[in-house]
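Peer 1: missing the sequence, but the structure's below:
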């Protein structure tokens with residue numbers, strides 16, 4: 001699986017990190033979401049820190065459409081989640097912003113960030129210097 005998932009139920013936080021340099025395929029993203037919501041520690045309303053900084057290219061339209069369909073198909077299990085997408089290339093910013101707007105139909109608030117600290121502050125989690 002090209003996504004590593006860590007869940008801390010005590011702070012209601014999912015850390016999902018892409019392990020490769022390519023965008024996920026539609027099937028890989030669908031598998032990732034399936035594994036996430038099936039995880040015994042996952043609950044609706046958890047914060048999701050989705051780190052795709054290892055990927056050079058922004059997702060294309062087909063990937064975005066497939067991801068949105070996968071999210072909407074699981075909306076009941078993901079409602080209330082806040083999804084922080086960590087990006088590296090500036091070119092991904094607008095694509096992630098558009099995707100975030102579309103995610104609202106599934107009850108998910110999503111925002112792009114360039115650093116984990118920015119995302120954790122948005123979640124309201126304590127950021128430690130170091």
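Peer 2: All right, it came through fine. Given the structure is predicted, the values throughout are model-derived calculations rather than measurements.
Peer 1: where are the low-confidence patches of the protein?
Peer 2: Within the chain, the stretches with pLDDT under 70 are 1, 89-92, 94, 102, 129-130.
Peer 1: can you pull out the strands in it?
Peer 2: Here the chain has its strands, by DSSP state E, at 3-8, 13-18, 47-51, 82-86, 109-113.
Peer 1: show me the one of the ones you listed that comes nearest residue 95.
Peer 2: strand 109-113 (8.7 Å; CB to CB). In this view, the C-beta of every residue, glycine as well, is placed from N, C-alpha and C.
Peer 1: now residue 2: closest residue in space, sequence neighbours ignored.
Peer 2: Residue nearest to residue 2 in three dimensions, not counting chain neighbours: residue 20, with 4.8 Å by CB to CB, 6 or more residues apart in numbering.
Peer 1: that neighbour reaches residue 54, doesn't it?
Peer 2: Yes - using CB atoms under 8 Å, residue 20 is in contact with residue 54, at 6.7 Å.
Peer 1: more crowded one of the two?
Peer 2: Each of residue 20 and residue 54 has its neighbours counted (other CB atoms under 10 Å); residue 54 has more, 14 against 11.
Peer 1: residue closest to the middle of this protein?
Peer 2: residue 50 (3.7 Å; CA atoms, centre = their mean).
Peer 1: so what pairs up with that residue in the strands?
Peer 2: For residue 50, the beta-bridge partners are residue 16, residue 85 (DSSP bridges).
Peer 1: wait, what's in contact with it?
Peer 2: 16, 83-86 (CB atoms under 8 Å, 6 or more residues apart in numbering).
Peer 1: follow-up on the earlier one: so which of the strands of the chain comes closest to residue 34?
Peer 2: Here strand 3-8 is closest among the strands of the chain (CB to CB), at 11.2 Å.
Peer 1: ok so, going back, mind putting the contacts of residue 50 into JSON lines with neighbour count and distance to residue 45?
Peer 2: Below are the contacts of residue 50 laid out as JSON lines (neighbours: other CB atoms under 10 Å; distance: CB to CB, whole Å):
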{"residue": "16", "neighbour count": "21", "distance to residue 45": "16"}
{"residue": "83", "neighbour count": "24", "distance to residue 45": "12"}
{"residue": "84", "neighbour count": "22", "distance to residue 45": "14"}
{"residue": "85", "neighbour count": "24", "distance to residue 45": "18"}
{"residue": "86", "neighbour count": "22", "distance to residue 45": "20"}
